[in-house]
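**Student:** Fold the following and give me the result.
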Amino acid sequence: MLEGDEYPSAPFDPTPKFLHYRHHIGVITGIAWDHINVYPTFEDYIEPFEQFADATPKAGTLILSQDDSLASVIGAKDRDDVNQVSYQAHPHRVAEGITYLVTKEDRIPLQIFGEHNMRNLSAALQVCKRVGVKDSEFYRAIASFKGAARRLEKVAEYNDFIFFKDFAHAPSKLMATTTAVKKQFIDRKLVACLELHSYSSLNKAFLEQYQGTFNAADRAYVYFNAKNIQLKKLEPIQADEIAQAFDHDHLRVFENMEDLRQELLKINWANRNLLMMSSGNFDNLDLQALSDEIIRSLK
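**Tutor:** Okay, here's the model as predicted:
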């Protein structure tokens, strides 16, 4: 099994990674415009996914997210002798900070959570069915799955406080991750921090894509380093432009990492969770040291 995306394969090969695979079973989990440096328009972005779907051979299988409107549009196209399968989030429920899969026979406690993970899990189940894995075998194995590296990784936990870090940076991933943490711990306040680090996120023309994506957070902080904008040779952006783009009542924008760190240390973290998201490293912020300071304040 291979996983790839629409990003170019290499500096010398602009072909999207997933077009090299020549799949027999293909899965499109979701389509959300990103990589504005590679795909300047939304129409440019959609084209590789259409090509991926069209590359499914006769007698092959194309598995598409029913919850993603664009994936559904791609699935609506007739493809001769291709078996098209739609899926949606696996039935589940959350109780006391644990997500359980709901099956006909049982409730299965998971180590992962979030609606996006329940969709991905359902897609994996569909793939496994087609390679001869029994449902019972899948459910037994998935209970021990701890999730992908750098996705909702737990940095620290103490009493009613958990510190998560996540690779999320695109608008759709930011919304999915913050929503997942809030729903998993519905009775706790959520403080979420995002570093604008990628080319797209630091592009003024792309900022409007972030509108409403932080709504699940009770407090939202955005950090960016103007030097990264200069290095990427982009048009300068101002803190008030970022705040306006996100449109969140309790959002603050920081341009100095130490200022953000000090702001986080002022918070009473009892019955709160911290989520820090970036494709970078918050200018080398030591997350473990930060978590140690927060936990000391709680003792």
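**Student:** shouldn't Ile142 be in contact with Ser122?
**Tutor:** No. The criterion here is C-beta atoms under 8 Å, and Ile142 misses it with Ser122 at 10.6 Å. Every residue, glycine included, has its C-beta placed from N, CA and C.
**Student:** Which of these two has more residues huddled nearby?
**Tutor:** Ser122 (21 against 18; other C-beta atoms under 10 Å).
**Student:** quick one, what contacts the more buried one?
**Tutor:** Tyr87, Gln88, Ala89, His90 (C-beta atoms under 8 Å, 6 or more residues apart in numbering).
**Student:** Next: Pro109.
**Tutor:** So Pro109 contacts Ile98, Thr99, Tyr100, Ala143 (C-beta under 8 Å, 6+ apart).
**Student:** so who does the first one touch?
**Tutor:** Right, the one you point to is Ile98. By C-beta under 8 Å, 6+ apart, the contact set of Ile98 is Pro109, Leu110, Phe113.
**Student:** Ala156 versus Ser144, what's the distance?
**Tutor:** As judged by C-beta to C-beta, to the nearest Å, Ser144 and Ala156 stand 22 Å apart.
**Student:** for Ser122, same thing?
**Tutor:** For Ser122, the distance to Ala156 equals 31 Å [C-beta to C-beta].
**Student:** Touching, Asn273 and Val181? I think so.
**Tutor:** Yes. If you go by C-beta under 8 Å, Asn273 and Val181 touch, sitting 6.0 Å apart.
**Student:** Mutual contacts of the two, please.
**Tutor:** Common neighbours of Asn273 and Val181 (C-beta under 8 Å, 6+ apart) are Phe164, Leu190.
**Student:** The biggest strand by length in the chain: what's the following helix or strand?
**Tutor:** For the chain, the longest strand by residue count, based on DSSP state E, is strand 189-196. Per DSSP states H and E, the first helix or strand lying C-terminal to strand 189-196 is strand 219-224.
**Student:** Run a quick neighbour tally on Glu47.
**Tutor:** Look at Glu47: counted by other C-beta under 10 Å, it has 13 neighbours.
**Student:** Please apply the same query to the one 5 residues further on.
**Tutor:** When neighbours are defined as other C-beta under 10 Å, Phe52 has 21 of them.
**Student:** For the helix or strand that contains it, which residues meet the burial criterion?
**Tutor:** Per DSSP H and E: Phe52 is located in helix 42-54. Buried residues in helix 42-54, counted by 16 or more other C-beta atoms under 10 Å: Tyr45, Ile46, Pro48, Phe49, Phe52, Ala53.
**Student:** Fine, thanks again, bye for now.
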